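Engineer: I'd like to go over a predicted model; first the sequence, then the structure.
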Amino acid sequence: MRRLFVGTLTSLACLWVTVQPAMAQREFVFFAQFNDAAGKPVTTLTAADIQVNEDGAAGTILKLEPVDWPVRVALLLDNGTGSSERIVQVRNGAKGFIEAMPAGVETSLHTLSPQPRTLVRPTADKEALLKGVDLYTPDSGAGRFVEGLIETVARFDKEKGNNFPVIVMLGSLTTEGSQIRDRDVKQLFERLSTRSITVHAVLAGNTNAGGSQGVANATQIAIAATKQTGGQYQSIAAATRLATLLPEIGAQIARSHERQSQQYRITFERPQGKSGPVGQVGLGARGRVSVNLTLDGRMP
């Protein structure tokens, strides 16, 4: 079991994180962000300033590396059946979302009907992305929310290098046209775990319209994906909410980007005699600071 902890460290105090990886290992890696009493990031730490232990026994810090990995964002918009009723709100919301992205963050833009397709490839050029939003047009077929999620996760999974992938999806509560297999869904959630992707999902429409089984499946997958990755899930009936909700999600991603770019990756060697699953890993620091600990560096 892997659990995320957020807590406060005082001088030489410890915060615990329980980790049980399947394979025995001599080295273990986790991430930490330190803040001073004013809440500002502490970015001048050295290995001599912190202590790591496992089950109370001191380990050896092998590396203390500053982390400044980029966020990579994919925005997927349902343009299928019923989307013509909210085209203005979707475009306004998507533009507000793009404006909320920090400078330098690569974002791609996609639609979901009649199948997932790319409107704008990954770019940090906001002007190009805003022009791409104007290409968003309704289609008569059902959007393919789940297929879009599966394909986007697969693309991120193939990427090399260190980054923090984020997927933001707008789907439908009334129609869903994905053709998927159980093994596709299983692989989706495996990739979400190993690639450390964050998913935010919004499903729009009238919940009293009697959606299909496909809609029910998509809803369950959206809820499970956001819960597993620390993202947010919302279902909305009023299309007007999209104009403000998508920019709010964009602002949340911007805050996460700032926190994630001011942290450390810590590699430590386990205490002598320790083997098998990693036990309780404690972190202590000199002085009075607060800390966010994660296993993969994500701070949704």
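Structural biologist: Yep, it's here. All values reported here derive from a predicted model rather than from experimental measurement.
Engineer: Keeping just the C-alphas, turn stretch 119-137 into CSV.
Structural biologist: The C-alpha trace of stretch 119-137 is given here as CSV (Å, rounded to 0.1, in the frame of the first residue of the first chain):
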residue,chain,number,x,y,z
LEU,A,119,-6.7,20.0,-32.9
VAL,A,120,-3.4,21.4,-31.7
ARG,A,121,-0.3,19.4,-31.0
PRO,A,122,1.7,20.0,-27.7
THR,A,123,2.9,23.6,-27.6
ALA,A,124,3.5,26.4,-25.2
ASP,A,125,2.3,28.9,-27.7
LYS,A,126,-0.9,30.2,-26.2
GLU,A,127,-1.9,32.1,-29.3
ALA,A,128,-1.8,28.9,-31.3
LEU,A,129,-3.9,27.1,-28.7
LEU,A,130,-6.5,29.9,-28.5
LYS,A,131,-6.8,29.7,-32.3
GLY,A,132,-7.2,26.0,-32.0
VAL,A,133,-10.2,26.4,-29.6
ASP,A,134,-12.0,28.3,-32.4
LEU,A,135,-11.7,25.1,-34.5
TYR,A,136,-13.9,23.3,-31.9
THR,A,137,-17.1,22.4,-33.7
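Engineer: Now do the buried residues in it.
Structural biologist: 119-120, 122, 129-130, 132-133, 136 (16 or more other Cβ atoms under 10 Å). In this view, the C-beta of every residue, glycine as well, is placed from N, C-alpha and C.
Engineer: wait, what's in contact with the closest residue to Ala239 other than its chain neighbours?
Structural biologist: Closest residue in space to Ala239, ignoring its immediate chain neighbours: Arg86 at 3.5 Å, by Cβ to Cβ, 6 or more residues apart in numbering. Applying Cβ atoms under 8 Å, 6 or more residues apart in numbering to Arg86 gives the contacts 204, 239, 242.
Engineer: Return the subset of the buried residues of stretch 119-137 lying in strands.
Structural biologist: 119-120, 122 (DSSP state E).
Engineer: if we can go back for a sec, state the three-state secondary structure for the residue nearest to Ala239.
Structural biologist: Secondary structure, DSSP: H, G, I helix; E, B strand; the rest coil: Arg86 is helix.
Engineer: Could you tell me how far stretch 141-161 lies from the centre of the chain?
Structural biologist: Remark: stretch 141-161 is offset 14 Å from the chain centroid, using Cα atoms, centre = their mean, to the nearest Å.
Engineer: what about Gly39, neighbour count?
Structural biologist: When counting by other Cβ atoms under 10 Å, one arrives at 7 neighbours for Gly39.
Engineer: for the nearest residue to it once chain neighbours are set aside, phi and psi?
Structural biologist: Leaving aside its sequence neighbours, Gly39 sits nearest to Ser290 (Cβ to Cβ, 6+ apart; 7.7 Å). Note on Ser290: its backbone torsions stand at phi -110, psi 160 [degrees, to the nearest 10].
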